[in-house]
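**Student:** generate a structure from the sequence data that follows.
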Amino acid sequence: MNKIASSADIADTVKIGNNVEIGENVVIHDYAVIKDNVRIGDGAEIFPFSVIGRLPKSAGATSRKLNDDFGSVSIGSGCVVSPGAVIYADVSIGNNCLVGDNASIREGAVIGSRCIISRNVTLNYNVTIGNETKIMDNAHITGNCRIGDRVFISVGVVTVNDNNIGRAGYSDGDITGPVIGDDVSVGASAVLMPSVVIGDNSIIAAGSIVKKNVKPYSVVAGNPAKFVTKVPDYLING
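**Tutor:** Numbering: from 1, shown residues only. Below is the predicted model:
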C-alpha cells in the first residue's frame with residue numbers, strides 16, 4: 001500500500017509501484033518510474049525518464065552472483081534526481097543531494113547528505129560515500145569502494161577493484177576498491193588502483209596512477225604516483 005502526501009505533484013505519466021512512500025511537496029515529472037519499496041523525502045524533485053528502485057539483472061553473464069533479496073530505496077529530503085538517472089534497489093541517499101543527468105547508482109550504495117553525483121557518473125555496487133562529497137562528470141566509482149566526507153573527485157576519474165582484470169572471477173575478499181579518506185581531492189583523469197588507501201587531506205594530481213597507499217596531507221603525482229610535497233596549510237580543510 002502506497003503512502004503519498006496530498007501536496008505531492010506527480011505527473012499523470014509517472015509509473016509508481018507498490019509500497020512507495022512520497023513525502024510532502026515532492027515533484028515527480030513526466031515518465032519517471034518509481035519501482036516497489038521506494039521512499040522519497042519531503043521536497044525532493046524527480047525529473048523525467050529517471051528510474052528509481054530498479055532491480056539488477058545479470059542475464060547469467062556476470063561473475064558476481066546477485067542476491068535476490070534487495071532492500072528498499074531511501075531518497076532524502078530536498079534531493080534532486082535529474083533526467084535519465086537510474087537508481088537501483090537497496091540504495092540510501094541522504095538529504096539535499098543532487099544526482100546528475102544519466103547517472104547510475106548500483107545496489108548497496110550508501111550516500112550521505114549534501115553530495116553531488118554529477119552527469120554520467122557511475123557508482124557500482126556497495127559503494128559508501130560520506131557527507132558533502134562531490135563526484136564530477138564521467139567519473140567511475142568501482143564496486144566495494146569507500147569514500148569519506150568532503151571529498152572532491154574531478155572529471156573522468158577511474159577507480160578499479162580487480163588486479164586480475166576479471167580473469168580470476170569474483171570474490172568479496174579479493175575484489176575491493178580504493179578507500180578514500182576525508183577531505184581528499186582527486187584531479188581529472190586520475191586512476192586509483194584496487195585497495196589503495198588515500199589518506200585524509202591528500203591531493204592526487206590530474207592524470208596520476210595511484211598504485212600504493214598515500215599518506216595523509218600528501219600531494220602525489222605521476223605514473224606511478226609519487227610523493228611531491230606536503231599539502232600547504234592554506235589548502236587543509238578542517
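
**Student:** how near is Asn201 to Tyr234?
**Tutor:** Asn201 is 12 Å from Tyr234, where distance means CB to CB, to the nearest Å. Placement of C-beta: from N, CA and C, glycine included.

**Student:** specify the beta-bridge partners of the residue nearest the centre of the chain.
**Tutor:** Nearest to the geometric centre of the chain sits Leu123, at 4.2 Å (CA atoms, centre = their mean). With DSSP bridges as the criterion, Leu123 is bridged to Ile105, Ile141.

**Student:** residue farthest from the centroid of the protein?
**Tutor:** The chain, farthest from centre, CA atoms, centre = their mean: Ser6 at 30.8 Å.

**Student:** any stretches of this protein with poor pLDDT?
**Tutor:** Along the chain, segments meeting pLDDT under 70 span 238.

**Student:** go again using 80 as the cut-off
**Tutor:** Residues of the chain meeting the criterion pLDDT under 80: 59-69, 165, 167-174, 237-238.

**Student:** wait, isn't Gly100 in contact with Thr122?
**Tutor:** No - between Gly100 and Thr122 there is no contact under CB atoms under 8 Å: 11.3 Å.

**Student:** since we're on Leu55, how many residues are nearby?
**Tutor:** Neighbourhood size, Leu55 [other CB atoms under 10 Å]: 13.

**Student:** rewinding a little: between Asn201 and Tyr234, tell me which one has more neighbours.
**Tutor:** For Asn201 versus Tyr234, the count of surrounding residues by other CB under 10 Å is larger for Asn201: 20 against 5.

**Student:** enumerate every residue touching the more buried one.
**Tutor:** By CB atoms under 8 Å, 6 or more residues apart in numbering, the contact list for Asn201 reads 181-184, 216-217, 231, 236-238.

**Student:** hmm, 6 Å instead?
**Tutor:** Shown in contact with Asn201 (CB atoms under 6 Å, 6 or more residues apart in numbering): 183, 216-217, 231, 236.

**Student:** report the buried members of the residues you listed.
**Tutor:** Buried members of the contacts of Asn201, counted by 16 or more other CB atoms under 10 Å: 183, 216-217, 231.

**Student:** reformat the residues you listed as TSV; add secondary structure.
**Tutor:** Output for the buried ones among the contacts of Asn201, formatted as TSV (DSSP: H, G, I helix; E, B strand; the rest coil):
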residue	secondary structure
Asp183	coil
Pro216	coil
Tyr217	coil
Val231	coil
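
**Student:** redo the residues you listed as TSV? Include distance to Val197.
**Tutor:** Output for these, formatted as TSV (distance: CB to CB, whole Å):
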residue	distance to Val197
Asp183	14
Pro216	10
Tyr217	14
Val231	16
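
**Student:** now flag whichever of the residues you listed is closest to Ile165.
**Tutor:** Relative to Ile165, the closest of the buried ones among the contacts of Asn201 is Pro216; by CB to CB it sits at 29.8 Å.

**Student:** give me the nearest residue to the closest one, chain neighbours excluded.
**Tutor:** Gly199 (3.4 Å; CB to CB, 6 or more residues apart in numbering).

**Student:** I am finished for the moment; much appreciated.
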